[in-house]
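Participant: How does the following fold in three dimensions:
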Amino acid sequence: MQPRAASVVAHDTVVALKLNSATFLDVGKKHPQIWLAFARELARRLLERNKLIQAPNEHPKLFIISSSEALPVAREIQDGLQHDVLTTVWTDVSSSPGV
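Facilitator: Sure thing, here's the model as predicted:
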């Protein structure tokens, strides 16, 4: 079982109850309406997390690193993929990878 990753600080008087998973499921069976509240909260959290995911690139990116002897082959690959992939032959850039 994974440990909890959150803490709570009460700003007023609170009555709290700790349930093990079996008891929690029994409560859910007796009061199935509670699942709707859980589903709504989980959906809200998922939507918030989805905002953090970057949209995929419209076209994939390909970096080709080639020796000078194989440069004509690298250029042919670049030309062949020009409509589907953003291709860079490494001699086309003036700085090192990741810069």
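
Participant: rest of the way, CA atoms for contacts and neighbours
Facilitator: Noted.

Participant: what ranges do the helices span in the chain?
Facilitator: Remark: helices of the chain, listed N- to C-terminal, are 21-30, 34-50, 71-80; assignment by DSSP state H.

Participant: Among the ones you listed, which comes closest to Val8?
Facilitator: helix 34-50 (16.8 Å; C-alpha to C-alpha).

Participant: before we move on, back to that, which among the helices of the chain is found nearest to Pro60?
Facilitator: Nearest of the helices of the chain (C-alpha to C-alpha): helix 71-80, 12.8 Å.

Participant: Tabulate the helices of the chain in JSON lines, adding columns for distance to Ala5, mean neighbour count and mean pLDDT.
Facilitator: As requested, the helices of the chain are exported to JSON lines (distance: least, C-alpha to C-alpha, whole Å; neighbours: other C-alpha atoms under 10 Å; pLDDT from 0 to 100):
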{"stretch": "helix 21-30", "distance to Ala5": "17", "mean neighbour count": "11", "mean pLDDT": "94"}
{"stretch": "helix 34-50", "distance to Ala5": "15", "mean neighbour count": "11", "mean pLDDT": "94"}
{"stretch": "helix 71-80", "distance to Ala5": "47", "mean neighbour count": "15", "mean pLDDT": "93"}
